[in-house]
Each structure stands twice: as structure tokens, then as C-alpha cells.
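# Compute the structure for the input listed below.
(2 chains, ligands or ions: 2)
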Amino acid sequence: MSFIGKSIQRIDAVSKVNGSAKFIDDYYFDSMLYARIFRAPVPRGRIKNLDLSAAEKLAGIKGIFTAKDIPGANIVPVVEKDQPLLADEVFNFAGEAIAIVVADDPDIAEEGVSLIKLDYEELPSILTIEDSINKTVPDICSKPDNIFSHYKIRKGDFEKGFKSSDISFEEEYKTGYQEHAYLETQGMIAVPNPEKTITVYGSMQCPFYVQEGVSEITGYPLSDVRIIHTTTGGAFGGKEDVPSIIAGFASVPAVILNKPVKMVFDRAEDIMTTSKRHPAWIKFKTGFSKAGKLLAIKVEFYFNAGAYSTLTPIVLWRGLVHAMGPYACDNIHIDAYAVATNTVPCGAFRGFGTPQVIFACETQMDIAAEKLNLSPIDLRQINILKVGDSTGTSHDLDESVGLEKSLHLAADGIDWKNKFIPPSEKTGRKRRGVGISTLFYGVGLGAKGGMLRRAGAFIQVYRDGSVNVAVGTTEMGQGSNTVFAQLTAEALGCSPDNVTILPIDTSRVPDSGPTVASRSTVMTGNAIRNAADQIKHYLLLGASELSGKPEEAIELIDGRVLTAGNELKISFIDVVEHCFNQRYHLTSQGWFKAPSTSWDDDTGLGNAYFIYSFVTNTAEVEVDIETGEVEVLNLVSAEDFGQPINPKMAEGQIEGGVIQGMGYGIMENLYSEKGIFINPGFSTYLIPTTMDVPLVKPIIVNEGYSKGPYKAKGLGECPLMGVAPAITNAIYNATGIRVREIPALPELIIKQKKE
Amino acid sequence: MEHTIKLKVNGISYDVRVQSKRSLLSVLRDDLGYIGVKEGCGAGECGACTIIMDGKAINSCMVLAVEADGSEILTIEGLSDGDNLHPIQKQFIEKGAIQCGFCTPGMILTTYEFLKRNPDPTEDEIKVAISGNLCRCTGYVQIIEAITAAAKEMKSNKEQ
Ligand code: FES
Ligand code: FES
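Ligands and ions are numbered 1, 2, ... in the order given. A predicted model of the protein is given here:
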């Protein structure tokens, strides 16, 4: 293998250091107009009258559009179709869009927004999970009892399991919102074309979702809606479903006014009105034998979904599948609920419903270790999944389980043996401690992914040996285009320098599902291999004809042609030239369908995902017990995501994810008052800066997956998910203060200390 | 109120008519086409819009265009010498300090001014220098490595 496991340079690096990379706000079209949004002022209300007259009179306003103006259906299609693009009659969260104001420039549009007068009757609302469960206001959403979704796992006999346990205990946990804080805010430009077709450019993860959304809103068939992906300035899940909404805001005026319309959010608007990580309330009970064997798990957890269901059902399902952690246990009883509130709809965020449950599960493990008088490492060693074990949903694992290795590497990486000293032996104002967490993560969409579990790729080799590749999953900073160039080069035998990954265009590749769930490498990677293999067939034939050597004896590597390790005098380019002369077909469509999965909704058992990645995180902290301030000193993350394609970029993913996880655990807090976020800016919603960053040690544990492209699995989300509990367990080890709520802000730690 | 201001950007002189309320960021991007200047927050909180104005790294979203009248500006577009990248740019690539790239122009220009002031910085000094530039992707680790390496390279270039 020549390009697998090799840290080649990012293929988009130069354009990103010289300022030429074009993000959505960097595009300008002739006679382009600008849209801004008029929004609901309170969490729930009935629209009595919307007075647009003053705004319409403002010079430069080109149009104001409400629900009744939408040419197609007033729907944002995600899992359910319960969310309108523009609120009609009633609105269900503060900040919900009511009207689109379009003008010659964004400032005029903004002024137009301020001149709209809304007369409304405020309706009773629900702002918290507790009130939603208690139905303080009934029927605030499209489903009965304010519950959007409920999933369960029923495995073995949990009551018996607890009876036979030597120790068992139950705890409650809470986790807060997390804002994606991608540096580039959301944005789209809709450009109407002659013959009633539309092209939409923008910052997004899922062009095919946007295509469906724009088709619904405009009433145009999918074939007449073309989506083109622009350089995307970070996403982390936040640009999964929301871009369909932004595209709708741009497309409605674009098709009505027949002009290009740009809709780019400002930062406060982005934080206040777009999806977040779901806050959660979790009740977790575990039972163990004296020897530390996990005998029973009972979990009941609630996600605050917000006002509409959007991606919540599948976020919740992923939370369910991972709630018991990466441990073998025969008796499991889990109920997962997503409840409605009159707050911003929550959606996807790196980890997709699992960081919440991992925090609870891994704190339970820490508490259990102490009760059982075992080290947290030993307790995990006894229970973690190994090849031959069965997951919580009864998926028998027959390969690629690197958890045990990662456990020991992460422990050694933080010098656990010397640093793990009980809190009772620590004194002084500033105290240090170490903590650990382990996790598993299903790669791809899993059994609930339905028809989305496929991906396409299109490869064209040109006469000069250069190669174009069109794919259907997006580059948003994670480096997937570079990985795809490496995979293409490896599969075809050319150099990655000759490979161009085209911007995603829905007219060029078949619907490849969303760019989420750490699925790009496996799904698109396998589609690329499938396409490349068809071309490779002709290349080998051509090389054989040119050299007179049998096809089986020929290898194409990095643009060179070899037999038995010896380089021939012909090159890749000669072979391509010959194939062209022979009229061999050097263009191909690749396709990949995810390996099979299974699921039973009644029992919550099945092969939920086709493969899993595994991570162990360790952390070392220093806590000031007077102020509750936590300084994270060291973070180690040992991750098994199969064969790394580009180790340097993988390390970058790990470092970035780990720091986001640290932010989630101890820093990032959205405050809301009466259902409105009151800190929608980077001076008040604090994300990690260089001053917060500890030493980060990424460790790659390579347990190959036979069905992955060159044995790769998925990586993107793994680094973030288990960092919070590793840190909060370290806080306990330092101070004896048990954190059951994140973010673990200093005031919370002081409060816990007093209890 | 409209004013005519004079700006010299990456060595090119401009006379621009601007409204008094316009930010320098918006004039550089929308009127003059320097799209490498990024807007991440518009409120002086992220550093994505960093430019060098009269030798100082500033957040261009926090400066009115009229205040910049007569000044000399360097944006990311002016840092490299044609295809020849500046050592900071090269090291950002080399060390993997780029993911989505949205923070990158601001990060590089902050570094550029900082290394002028402090050609031989410690890691802590680097951290302080770029603490006003947010990056959500990288966790800063490879950025700090890149800056350390760039400082070394620039120093040894000078010594040669
Ligand atoms: S855009 Fe100027 S500091 Fe963020
Ligand atoms: S690389 Fe994305 S914000 Fe820094």
C-alpha cells in the first residue's frame, strides 16, 4: 500500500492559506438580493395580525414573504414533516421564522425586519424537560403526551439481574445544550435559472437533504433542483438539517422575484435559532457482582427535543443503542424519550445523542469502581467488549474490536499507575487527579438509516492521466476530500496529485445519503473503490498489452507500472494513453450499500450498526477547591477507527474533537431566560481558546475492519464523546467531588462540594 | 453620510466612497473583493477578520472604514509572493494546522504580526498571542506547532 496510512498534505490546503478558498459568503451574483428573517418574539403564540406596511414602504425592500407566499409546501422535510419553513397562525419557539424580508442590501433588509409589527396572543408554553413530562401544558407538539419518540431495549431480566447483584445503585444526571460554534455561520445562495429550475449554493453537510427541502418548498421536481456545495467552514452536525431551512429562506424569494438571493446568518441569529445538542436528563441504575461483573443496567432518559422533531428520532435512537456503554451485560432495560418543549429544535451534533448517555454511563462506572474497591481500569477490563462478546443490543462482534488495547494505551498515556491516588490522600487548595472513560460508537447510519445507507462515486480518467472524482459526501474541514484522493490514487495506481475531488453537485452523483455518523470514509470510500476497480480492470489490460506481461503480474503504484517489484519503462500515463487509443472505458460509476444490520423495535435488540469504533479517554486535571476552577492538564485519547488513511489528519481530528469535548464538559453553557438564549456570542458562550488547551495526546489503535476501504472504519465523532466524563471523573479523583451535571462550571463544583 | 477614503491594500491604492457606518471588514470584502478577510462574528470576538493595518493586527469588523482612511493594509491575499508561500503559510500546511480553513487567514495574520514583534517565542507566548483567534476545528495543537516551526524557519532564513 502506498497511500494508505500516509500523511499526505491536505489537497485544499493552499487555497485555505492564501485566502482564495471560497466560502458561501464569498460568492456574489449579478443583481443578487439579500434576505433577513423576522422571528417570533416569545416561545409560543398565535399570530393575530402581521403588519408589513411600514417595512414594505422602505426604499430598497424588494419583497416580504410569509407562509402563504410559499410556492410549494410549507415544510422542512427531515425525519417527520412536522416543521414549517415559516410559522403560520401559531409559532412554537422564540426565534421561529415568520417572514422573509428581501432587499438590495442586508442592512436595508434588517431595517425592514425591524419595521414589521406582529400582533399576537401569547400561548402557554413549556420550557423544560420536567414540565414536558408533567404536561404542564398538554399537546404542544404533533405527537401525543408531548413525546416525539420513545425507544426501548428489553434484554434478559433486569429485575433478576439486580437481585443477584452484590451492589447496585441509581444516580441522576443532567447535561446541557452545546452550540456547534462552527466559525463560518450558516449560509446559502439560491439562483433561479431559466426554464424554472434552481441552483442553490451553500455551506452544508447534506446536499441531498437540501435538494429535497428546496424541492418541497418550491414545488419543483428533484431533477430541477441542483445543489452545489461550497467550501464549508466547519459543521459538526450543525449543518445537517438546518441548511435545508436556510436554503428555503433563499429559494422562496429567489423563485418569486426571479433573482439570486443570499441568506447568510449573523452569529447571534445562528446561535439563537439553529439546532443544538439535546439537553438530557438521565436516570441510571447499575448492578455488579462483588468481582465487578456488570449484571444489570436500567436507564431511563429524556432528551429535550425542542419544538419540532427534526432529527430527534434518530439522535434518540443512537443514544439508546449506546446508553449501556461498551460493556457486555445480559440484563438491560432502557427507555429513551424525546420530549417536546417550546424551545429551539435540537438536532445533530458530533456524537449524535451519545455524549449525554456516555457521561452518565461512565460516571456510573467510576462510582462502581470505588464501591467495589477496584481500579476504574480493572473494572473496565472485566466488562469491556472484546471479539466474541455481544453488545448491549445483542450484536455478536466477530472482528475489529480495539477497546482493550485502547484502554491500556490511554492508561499508560496518562501514567495512570503513578497518578491514580484516592482523593482522600490529597490535600491543599489545588489538587490533581486523573479520570477515564471508555466508549463504543456505531459507524454509519445503522439499522434505522433505511434507504439512506448507500453512497455513490463517479470517476473519470482523462487522456493525460489526470483524474476527476465526484462524490456525494462533503468536505467540511474534516479532510474527507484528501482521504478520497488517497483512496482513489491507491485503487487506480496513480498519484494523489493527479486526483481532483470535485465540489459536490447533486446533478453529478446519485443521492449518497447525508455526511454524518462518521460514515464518509467507509461509505464513499467503498463507492470510490467500486468505481476505481472497474477502471483498474482496463488499466491492467492496457498495461499488459503494452508490456507483454500477464495482467496478474502487473501492479500499478503511484503512477508507476511494476512486475515482481521491478519498474517497467512504461508509466501510468502511457497506459492511460493506450487505453484511450483502444477506446477502453475509463469512466465509471461506483456504488456501495452498507453491510446489513438488523433491529427489533419491541426488544431493542439487533445488529444495530455494521461496525463500531472504540475509544478510551483519560484526563488529568487540577482543581482549585476554593473556587471550583478546573484546569485540564492532559488529555489522552486512544482510538480504534480501523486503518487510518491519513494519520496526521486523523490526529488533527482527534485533537479538535477532544477539545470540543472538553468545552462540552466544563465550559460551554447556553443560558436561557423565558425560552430565549441570552448569551449568543463568543464573549459570553465560551468555547475553548488556546489558553484553555492542555497537552493532548492522540493515540491511534488500528484494528482493521474487513469490509472497510483498506480496513478503515469511521472516526469523525469519536474524539469528542467521552472526554467530559474522563474530566469529571478526574475531578472526583482530585477532590472527592462527584459531578453529575455538565458543563461542570466552577459554581456547580462548589455547590456539589457543599452537599 | 458618504465619504471618500484612501486605502492602500496589499500595495494597491484605492479611493472608495463609503457610508460612515460601514465597517472596514465589509468594505474590504464587498467593495474591494478581499474575500480572504472572513467574518466569523462581526463583534470583535473571534479574530477571523484579522488584517494588518499600519503594521498592527486588528479585527477589521471593529473598525469603521472611515477610521482607516489613509492607512496601509495587508490582507491574507497579500502575504505570499505570488505562488511562493510565506513560511507561516507553509508551516500551517506542513503541520496540519488547517481543517475547515475559516479561521486560517486571521490566524496567520495574527501570527505574522506577532512573530515580527517576537521572533523567538515560547509556547506560552504563542498561546497568548493567538488567544483572540478562535478555531473550532483543530483544538489549536497543530496551529501552535506550525507557529513554532514558522518562527524557527523565519529565524534561520534571516541568519542565512
Ligand atoms: S468577525 Fe471580527 S472578530 Fe469576529
Ligand atoms: S480550521 Fe476550522 S475554525 Fe479553524
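# Quick check: the residue of chain A most remote from its centre vs residue A:568, distance?
Taking C-alpha atoms, centre = their mean as the measure, the residue most remote from the mean C-alpha position of chain A is residue A:548, 50.2 Å away. Separation of residue A:548 from residue A:568 (C-beta to C-beta, to the nearest Å): 10 Å. No exception for glycine: its C-beta is placed from N, CA and C like everyone else's.
# again with residue A:300
Following C-beta to C-beta, the distance that separates residue A:300 from residue A:568 is 66 Å.
# where in the chain is pLDDT low?
Assuming you mean chain A. Nowhere does chain A drop to pLDDT under 70.
# Looking at it, which helix is longest?
As assigned by DSSP state H, the longest helix anywhere in chain A is helix A:520-547.
# May I see the buried residues of it?
Taking 16 or more other C-beta atoms under 10 Å in any protein chain shown as the neighbour-count basis, helix A:520-547 is seen to contain the buried residues A:520-532, A:535-536, A:538-544, A:546-547.
# can you map out the strands along the stretch 1-150 of chain A?
Shown for the stretch 1-150 of chain A, the strands assigned by DSSP state E, counting those that start in this stretch span residues A:33-39, A:45-51, A:61-65, A:90-91, A:97-103, A:117-122, A:147-155.
# who in chain B is up against ligand 2?
For chain B, the residues found near ligand 2 under the criterion C-beta under 6 Å from any ligand atom are B:98-103, B:135-138.
# ok but residue B:39 is inside a helix, no?
No: under the criterion used here (DSSP: H, G, I helix; E, B strand; the rest coil), residue B:39 is coil, not part of a helix.
# The residue in chain A positioned nearest to ligand 2: neighbouring residues, count only.
Minimum separation of chain A from ligand 2 (C-beta to the nearest ligand atom) falls at residue A:183, amounting to 3.9 Å. Burial measure for residue A:183: 29 neighbouring residues, criterion other C-beta atoms under 10 Å in any protein chain shown.
# And the one 10 residues further on, by the same measure?
Burial measure for residue A:193: 11 neighbouring residues, criterion other C-beta under 10 Å.
# roughly how far apart are it and residue A:33?
Going from residue A:193 to residue A:33 by C-beta to C-beta gives 16 Å.
# so how many other residues sit close to residue A:714?
Burial measure for residue A:714: 26 neighbouring residues, criterion other C-beta under 10 Å.
# So it versus chain B, what's the distance?
Counting by C-beta to the nearest C-beta, to the nearest Å, the gap between residue A:714 and chain B amounts to 17 Å.
# so that residue touches residue A:515, yeah?
No: with contacts defined as C-beta atoms under 8 Å, residue A:714 does not count as touching residue A:515, sitting 11.5 Å away.
# Could you pull up phi and psi at the closest residue to residue A:598 other than its chain neighbours?
When the adjacent residues along the chain are set aside, residue A:598 lies closest to residue A:606, with 4.1 Å between them (C-beta to C-beta, 6 or more residues apart in numbering or on different chains). Listed backbone geometry of residue A:606 is phi 150, psi 170, with angles given as degrees, to the nearest 10.
# centroid residue for chain B?
A centroid search over chain B (C-alpha atoms, centre = their mean) returns residue B:109, at 2.8 Å, as the residue closest to the centre.
# Verify the stated contact: that one with residue B:51.
Yes: when contacts are counted by C-beta under 8 Å, residue B:109 is listed as touching residue B:51 (6.2 Å).
# what residues do those two have in common as contacts?
Applying C-beta atoms under 8 Å, 6 or more residues apart in numbering or on different chains, one finds that residue B:109 and residue B:51 are jointly contacted by B:57, B:74-75.
# Just the ones of those in helices?
For those, membership in helices holds for none, with DSSP H as the criterion.
# which of the residues you listed count as buried?
Under a neighbour-count criterion of 16+ other C-beta under 10 Å, the subset of the shared contacts of residue B:109 and residue B:51 counted as buried comprises B:57, B:74-75.
# quick one: which of those residues is nearest to chain A?
Out of those, the one with the shortest distance to chain A is residue B:75. That distance is 6.8 Å, counting by C-beta to the nearest C-beta.
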